[in-house]
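Enquirer: Here is my input; please provide its structure:
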Amino acid sequence: MKTTYRSAVHDAIADAMRADDRVLLLGEDVGRYGGTYAASKGLLEEFGPQRILDTPLSELGFVGIGIGAALNGLRPIVEVMTVNFSLLALDQIVNTAAALRHMSGGQFSVPLVVRMATGAGRQLAAQHSHSLENWYAHIPGITVLAPATVADAYGMLRTALTSPDPVIVFEHVGLYNTAADLDSLIPTEIGRAALRRNGSDATIITYGGCLPKAMDAAERLAQDGIDCDVIDLRVLRPLDDATIMESVRKTHRVVVVDETWHTGSLAGEISARIVEQAFYELDAPIGRVCTVEVPIPYAKHLEEAALPQPEKIVSAVRALFGDTGRAGAGDG
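Expert: Now for the predicted structure:
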């Protein structure tokens, strides 16, 4: 059946609520309006205002309500309209949700799921378009997910709702309209990266909204004889080092594609881990393709110029081979 990313998120919430009456959804415009990205459309009519709660425009307040609900035995899903707005709730997420198990000596858990839209590409300008996932991936005490496929949009959210500890789910705005033919939607693991394309000459590591761009770039490179592994991180905290290093040891060349800014990026952390764990496997410096260090522009051509694009990924991979232009089988 043809399913969109948006529908997969909607169905994951609905199925979880049907299966467990402790699950509830709260956030701005999630009820009558059906969600800013239509991910909760129709849920108010099915589950009622006690489980689908429209909240005031106060991220600090309603994320705090979600934490309180979780501490008292419920399974709240808190929707934050966009990652930029989540900064208003950082105190609740960082100082309370992420820290309570540690600070209570394991006596308290916070089974909270926070969903938020992230990323650019929709001409929503600088206050609605940034990618701050790496800020959250920096924080001990939470799991950070970035589903990039329709199957993961459903499956990772369902699994997140079984976690005893806080889970942050980043849904890239550029993915909501993407679709896939799937026989069924099922819960999926939230502990490992996924190898989306198998190659032998270079590794492209990415996540979220950059995965389609990385796959596009890999297809273009294959036409010229450069065959790439494409790794979808899926889980930004904890990172799956084993899958990354296995690919590095096979291809010996790496480009990390990350929609965050170059300075302080998740791409920088991944590069450091590769140097620490597999430095002598590298045949070229690690490449990084990140967003230009400016607030995300509104104008479409400027927004596109600021973001990672397939052409930039292709160029970064080609640069790993110097003047050779292509890799031979088993090169390295």
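
Enquirer: Can you measure across stretch 98-108, start residue to end residue?
Expert: As for stretch 98-108, its first-to-last residue distance stands at 11 Å under the measure CA to CA, to the nearest Å.

Enquirer: For that stretch, list every residue counted as buried.
Expert: By neighbour count on 16 or more other CB atoms under 10 Å, the buried set for stretch 98-108 is Ala98, Ala99, Leu100, Arg101. Yep, even glycine has a C-beta here, placed from its N, CA and C like the rest.

Enquirer: tell me the SS of the last one?
Expert: The one in question is Arg101. Taken by DSSP: H, G, I helix; E, B strand; the rest coil, the conformation at Arg101 corresponds to helix.

Enquirer: before we move on, the earlier item: now that we have the buried residues of stretch 98-108, can you turn them into CSV and tack on distance to Asp20 and pLDDT?
Expert: Rendered in CSV, the data for these read as follows (distance: CB to CB, whole Å; pLDDT from 0 to 100):
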residue, distance to Asp20, pLDDT
Ala98, 23, 97
Ala99, 26, 97
Leu100, 22, 96
Arg101, 21, 96
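
Enquirer: would a markdown table of those with distance to Phe47 be doable?
Expert: A markdown table is the format used below for those (distance: CB to CB, whole Å):
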| residue | distance to Phe47 |
| --- | --- |
| Ala98 | 28 |
| Ala99 | 31 |
| Leu100 | 27 |
| Arg101 | 29 |
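
Enquirer: quick check, nearest of those residues to Met245?
Expert: Proximity to Met245 was ranked across these by CB to CB; first place goes to Ala98, at 27.1 Å.

Enquirer: measure the closest residue to that closest one other than its chain neighbours to Asp229 for me?
Expert: The shortest distance from Ala98 to any residue that is not its chain neighbour, by CB to CB, 6 or more residues apart in numbering, is 3.3 Å, and that residue is Gly141. Look at Gly141 and Asp229: by CB to CB, to the nearest Å, they are 31 Å apart.

Enquirer: just Ile205 next, same as before
Expert: 9 Å.

Enquirer: Can you check my assumption that the residue nearest to Ala98 lies in a strand?
Expert: No: counting by three-state DSSP, Gly141 is not part of a strand but coil.

Enquirer: wait, isn't it in contact with Ile93?
Expert: No: applying CB atoms under 8 Å as the test, Gly141 and Ile93 come out as separate, 9.5 Å apart.

Enquirer: any common contacting residues for these two?
Expert: Between them, Gly141 and Ile93 share the neighbouring residues Pro166, with contact defined by CB atoms under 8 Å, 6 or more residues apart in numbering.

Enquirer: Many thanks, we can stop here.
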